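In: structure of the sequence below:
(4 chains)
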Protein chains: 4
Amino acid sequence: MNSTEKLSVLVWNEGVHESLNEPEHIGRIYPQGIHGAIADGLREAIPGADISTATLASDEDHGLSEETLAATDVLLWWGHKAHAEVSDRVVERVQRHVLGGMGLIVLHSGHFAKIFTRLLGTSCSLAWRNDGERELVWTVKPSHPIADGVENPIVIPQQEMYGELFDIPDPDDLIFISSFAGGEVFRSGVTFTRGKGRIFYFSPGDQEYPVYHHPQVRRVIANGVSWAAQPETRRVAPEVSNRPLGWFETHASPETQDRHAPSIVPWEVL
Amino acid sequence: MNSTEKLSVLVWNEGVHESLNEPEHIGRIYPQGIHGAIADGLREAIPGADISTATLASDEDHGLSEETLAATDVLLWWGHKAHAEVSDRVVERVQRHVLGGMGLIVLHSGHFAKIFTRLLGTSCSLAWRNDGERELVWTVKPSHPIADGVENPIVIPQQEMYGELFDIPDPDDLIFISSFAGGEVFRSGVTFTRGKGRIFYFSPGDQEYPVYHHPQVRRVIANGVSWAAQPETRRVAPEVSNRPLGWFETHASPETQDRHAPSIVPWEVL
Amino acid sequence: MNSTEKLSVLVWNEGVHESLNEPEHIGRIYPQGIHGAIADGLREAIPGADISTATLASDEDHGLSEETLAATDVLLWWGHKAHAEVSDRVVERVQRHVLGGMGLIVLHSGHFAKIFTRLLGTSCSLAWRNDGERELVWTVKPSHPIADGVENPIVIPQQEMYGELFDIPDPDDLIFISSFAGGEVFRSGVTFTRGKGRIFYFSPGDQEYPVYHHPQVRRVIANGVSWAAQPETRRVAPEVSNRPLGWFETHASPETQDRHAPSIVPWEVL
Amino acid sequence: MNSTEKLSVLVWNEGVHESLNEPEHIGRIYPQGIHGAIADGLREAIPGADISTATLASDEDHGLSEETLAATDVLLWWGHKAHAEVSDRVVERVQRHVLGGMGLIVLHSGHFAKIFTRLLGTSCSLAWRNDGERELVWTVKPSHPIADGVENPIVIPQQEMYGELFDIPDPDDLIFISSFAGGEVFRSGVTFTRGKGRIFYFSPGDQEYPVYHHPQVRRVIANGVSWAAQPETRRVAPEVSNRPLGWFETHASPETQDRHAPSIVPWEVL
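Out: Residues are numbered from 1 along each chain as shown, chains lettered A, B, ... in the order given. Below you'll find the predicted structure:
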């Protein structure tokens, strides 16, 4: 994307809770599906962006073809019941695009998505309890762009509890920590870098509670999209290279040579 | 600053090498002073910004009054011979503004500036040798905004060597590592967070070599300014607070309450 | 210290709550002072170590002379009412020893101690409330030596609440996160490196509650001491050095040359 | 392992260069194979440990059966030509043991081993050149146990060049940075945590040069083994759990309940 083009965002949802009508009230809180509510929030927060959606059933690629990913700046991922049904081929493709610079926002039960455990290398397991407890989301890194303008704490009246130990690698940035009425805590907003790609995991959100209508949750997700987007990055994952001695003296790096004129430095004045 | 206002950047230089004409050729490579060259680079790279300069001799506050800092989004710092002459009162003031959200870019020999050692808590000592060696600046975190569009490596024909051990705390992000012809390495581009403020240290640059004319060095510094700026942040350093039980149920946090309407969440649909 | 010598640990407490008898029941929960209780816990947990104590009133150096610090592997710090009375000369001395490799454990209200804010560079401010709330201390980095054998969570029946935002730099390791009955969270166990020294901050502990008798709190503190100790490190803070080209080809580094024979590598077989 | 038992270390090498006699002189520099040289170094450095070896051809599990891994405190991994021949079943098993607390040391060309890319989630690609260049290994985190007593820099007369960009996630700790005669740099000593397991990657070492005879390289590897070992940790990877409200009030965590008596705290004095 160049600066005259629109940011391209794709909200992916497995869409299984919606098709099974589980829970029964899901149609009332998410009439357009969970992805529909997330997309609505993004359209409101980032007016200039192109926001689309896809689901597991979209097509044989779950709506995540090579062409679609190549045109996507940031992919959001919601899944829960059907992680195993996501094809390994698609997971490998998404990983490659993330390593090449596509942003990835993983939400709530997406912690167990194949793409997340593959990128993180851990079990991504956690403790949970669905008692409709109040969740408080506390900002612990106010300087981070994802915390910009976010109330501290965010008060979510009812939520599924996610608790530590959250088996993830040390994140690059720990932005939010949640507590639940029952006393558990959770690192609920964390960032990672993999290859050239930026990843943000944010735990609030569930199929039983209208969390994706919460204005502050919407703000965090929109901030996450803006932070993860690198529209000007050439979408190539890092690769092994065999370099001759002194290669850099005559060549710009492949990454930059197509965008920059040779450096001319006035060393002759010395 | 709101989005209709200009980014405000202040380039501070002790200005002592220039006034002493040390080295003799400094007037040829930096006719407007080191700060003048840095400011020129920023004016070219960030056309919409308001770029100004100040020096140790500007006034009794070294040009860093409360009013000036309050209006500054990002402060750049170059010092070498006169670190001890910077008043403690001004250092305390700059620290407070950084904790409140002002960006700070510390350059080259500024590693020993009072403001840097005070914010980092270490000696910030290093190994050095001034033999005019070639410096190569390698990108190790290509996903970081400060690395955006930067050649890898940057080739600087002649430089003062700065080598490890660089006695700094573990940085938030390690973006650049330099090597020198003599074999030493240096963590030459690192970020830190202190309070709400973002800090970037970048080592290339010296009073003897025209490093601040190098297009790639200029690009890195401009990227650093854009990354460190938080013009919408209320400039208040974090403070101790005594909170009554359940304070968050009725009050938005002081940080955000002046900018956000109360959250209205459709929990009644449940 | 070599391996045949004892680990030397010094528990420092300002000792002001004890001398003022504030709160009135302090003598019942800490009959030997806060430092006495901490020292007792360490003597039990690390039988082979030499555990001593000092207070603000010990002598003109608050019991922290150059000689004492030089012989101390790990210093523990408890302060609250009298941070301002600690002399800057002593603070500078402690900082220098930490940079040179002395371990430092800062406890509870020591977050505002001069030595802590100086080493961290931030305000170290936080939110607090003294309502005797239950604190739960959750382990989030089970692989860290300081978490070894620690119950998850530690349940502390009554405590002063310490809440975010805790204005500290990003820690090297985040080991514990606490929640309080009122809903606040706190990064209660964090490590930092400054120079060659290892620092551990642990927030549980107060003058009003018998927290330092809690077996799990004692275990954490003992683990912290074991982790922070580097008895074989030469106690010299990192210093600036001016190195000739190729110095490393003939000289071992000053840090190691007194302990290692020259490297002899069988490269001749090639 | 309890404190009366021996540390159990397993050095794994694919063993293909040795069996193919590539390069021709490999038998002269590594007469017992690369694994034999590494094991010799460990036997000398950690006399009390039980050091064994295994190779790809050891048995149908490459010598890495469930029983063997269960009894292994730290596994070292060397591979180059035969990464693809390591069975996925064994890789999954090793990953599970790492998440459960087994230490893992990955050496040199092991950067492309399945187990390493799976645990890290990135391509682990790098730049390389085999010109027999001098490598200098600089310590940048002297407080880390792996740097203990290590010369700074380590001078390795001839080595294969490994250069940035090394496509790894941000490490927990960056301990060593190497430079090469040709000017490239490399993050040559880095640690990661995955689950409860500690991972150390160290790049020096090759089938063409006698690097594993270098006393300083041997010291680093031995330090790595000592740091990564957690013999007292129950070997269970983190798992999802569904916790009832208030579960922690009556139960110690499964991780610790078998080792600790219930906490008895003298709160009654209040």
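In: from now on I want contacts and neighbour counts done on CA atoms only, so please keep to that.
Out: Fine.
In: the longest strand belonging to chain A and chain D, any residue contact?
Out: When chain A is parsed with DSSP state E, its longest strand is strand A:127-139. Yes. Strand A:127-139 lies within reach of chain D by Cα under 8 Å from any Cα of the partner chain, at A:127-129.
In: nearest to chain B, of the residues you listed?
Out: Chain B has its nearest neighbour among these in residue A:129, at 18.5 Å by Cα to the nearest Cα.
In: hang on, isn't that closest one packed against residue D:240?
Out: No. Counting by Cα atoms under 8 Å, residue A:129 does not reach residue D:240; the two are 10.9 Å apart.
In: export the residues of strand A:127-139 next to chain D to a markdown table and append columns for distance to chain B.
Out: A markdown table is the format used below for these (distance: Cα to the nearest Cα, whole Å):
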| residue | distance to chain B |
| --- | --- |
| A:127 | 25 |
| A:128 | 21 |
| A:129 | 18 |
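In: nearest to residue C:204 among these?
Out: residue A:127 (23.9 Å; Cα to Cα).
In: what sits against that closest one?
Out: Neighbouring residues of residue A:127 by Cα atoms under 8 Å, 6 or more residues apart in numbering or on different chains: A:161-166, D:240-243.
In: how near is residue A:192 to residue A:224?
Out: Noted for residue A:192: a distance of 12 Å to residue A:224, by Cα to Cα, to the nearest Å.
In: show me the shaky parts of the stretch 51-200 of chain A.
Out: Scanning the stretch 51-200 of chain A for pLDDT under 70 picks out no residues.
In: can you pull the residues of it lying near chain B?
Out: A:101, A:141-143, A:149-153, A:155, A:157, A:172, A:193, A:195-198.
In: how many neighbours does the closest residue to chain C within the stretch 151-270 of chain A have?
Out: Residue of the stretch 151-270 of chain A nearest chain C, by Cα to the nearest Cα: residue A:165 (5.7 Å). Residue A:165 has 25 neighbouring residues, counting by other Cα atoms under 10 Å in any protein chain shown.
In: helix, strand, or coil at it?
Out: coil (DSSP: H, G, I helix; E, B strand; the rest coil).
In: neighbours around the residue in the stretch 1-150 of chain A that chain C sits nearest to, how many?
Out: Closest to chain C within the stretch 1-150 of chain A is residue A:140: 5.7 Å, counting by Cα to the nearest Cα. If you count neighbours by other Cα under 10 Å, residue A:140 ends up with 24.
In: so which residues on the stretch 51-200 of chain A come close to chain C?
Out: Counting by Cα under 8 Å from any Cα, the stretch 51-200 of chain A sits next to chain C at A:136, A:138-140, A:164-166, A:177-181, A:183-185.
In: residue nearest the centroid of chain A?
Out: Closest to where the C-alpha atoms of chain A average out (Cα atoms, centre = their mean) is residue A:105, at 0.8 Å.
In: that residue touches residue A:73, doesn't it?
Out: No. Using Cα under 8 Å as the test, residue A:105 is too far from residue A:73 to be in contact (11.1 Å).
In: contact partners of the helix or strand encompassing residue A:68?
Out: Assigned by DSSP states H and E, residue A:68 belongs to helix A:66-70. Helix A:66-70 has contacts (Cα under 8 Å, 6+ apart) with A:93-94, A:97, A:235.
In: and the next helix or strand past that helix?
Out: Defined by DSSP H and E, the subsequent element after helix A:66-70 is strand A:74-78.
In: tell me the strands beside that next one, with direction?
Out: If you go by DSSP bridges, strand A:74-78 pairs up with strand A:8-13 (parallel), strand A:103-107 (parallel).
In: distance from the longest one to the middle of the chain?
Out: Pointing back at strand A:8-13 there. 10 Å (Cα atoms, centre = their mean, to the nearest Å).
In: just the helices in the stretch 1-150 of chain A please.
Out: For the stretch 1-150 of chain A, applying DSSP state H, counting those that start in this stretch gives helices covering A:16-20, A:26-29, A:33-45, A:66-70, A:88-99, A:114-120.
In: turn those into a markdown table, columns for mean neighbour count and distance to residue B:13.
Out: A markdown table is the format used below for these (neighbours: other Cα atoms under 10 Å in any protein chain shown; distance: least, Cα to Cα, whole Å):
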| stretch | mean neighbour count | distance to residue B:13 |
| --- | --- | --- |
| helix A:16-20 | 16 | 61 |
| helix A:26-29 | 18 | 58 |
| helix A:33-45 | 21 | 40 |
| helix A:66-70 | 14 | 45 |
| helix A:88-99 | 20 | 40 |
| helix A:114-120 | 23 | 44 |
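In: would TSV of the ones you listed with distance to residue B:39 be doable?
Out: Output for the helices of the stretch 1-150 of chain A, formatted as TSV (distance: least, Cα to Cα, whole Å):
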stretch	distance to residue B:39
helix A:16-20	56
helix A:26-29	53
helix A:33-45	35
helix A:66-70	38
helix A:88-99	35
helix A:114-120	41
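In: those helices: which one's closest to residue A:5?
Out: Across those, closest to residue A:5 is helix A:66-70 (Cα to Cα), at 14.5 Å.
In: distance between that closest one and the chain's centre?
Out: Helix A:66-70 has its C-alpha centroid displaced from the chain centroid by 17 Å (Cα atoms, centre = their mean).
In: and it, C-alpha only, in PDB?
Out: C-alpha atoms of helix A:66-70 as PDB (Å, rounded to 0.1, in the frame of the first residue of the first chain):
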ATOM      1  CA  GLU A  66      -2.600 -16.100  -1.200                       C
ATOM      2  CA  GLU A  67      -4.100 -13.100  -3.100                       C
ATOM      3  CA  THR A  68      -6.200 -12.000  -0.200                       C
ATOM      4  CA  LEU A  69      -3.400 -12.200   2.300                       C
ATOM      5  CA  ALA A  70      -1.100 -10.300  -0.100                       C
END
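In: check contacts around the residue lying closest to residue A:52 once chain neighbours are set aside.
Out: Of all residues not flanking residue A:52 in the chain, residue A:10 sits nearest, at 4.9 Å (Cα to Cα, 6 or more residues apart in numbering or on different chains). Counting by Cα under 8 Å, 6+ apart, residue A:10 touches A:51-54, A:72, A:74-76.
In: what is the nearest of these to residue B:231?
Out: Of all the contacts of residue A:10, residue B:231 sits closest to residue A:74, with 25.0 Å by Cα to Cα.
In: for that closest one, what are its contacts?
Out: Contacts for residue A:74 (Cα under 8 Å, 6+ apart) come out as A:8-10, A:102-105, A:225, A:228-229.
In: and it, how far from residue A:36?
Out: Taking Cα to Cα as the measure, residue A:74 falls 16 Å from residue A:36.
In: now swap in residue A:69 and tell me
Out: For residue A:69, the distance to residue A:36 (Cα to Cα) stands at 19 Å.
In: and the residue of the stretch 151-270 of chain A nearest chain B?
Out: residue A:196 (4.6 Å).
In: just checking, that residue touches residue A:103?
Out: No. At 9.1 Å, residue A:196 does not count as touching residue A:103 under the criterion of Cα under 8 Å.
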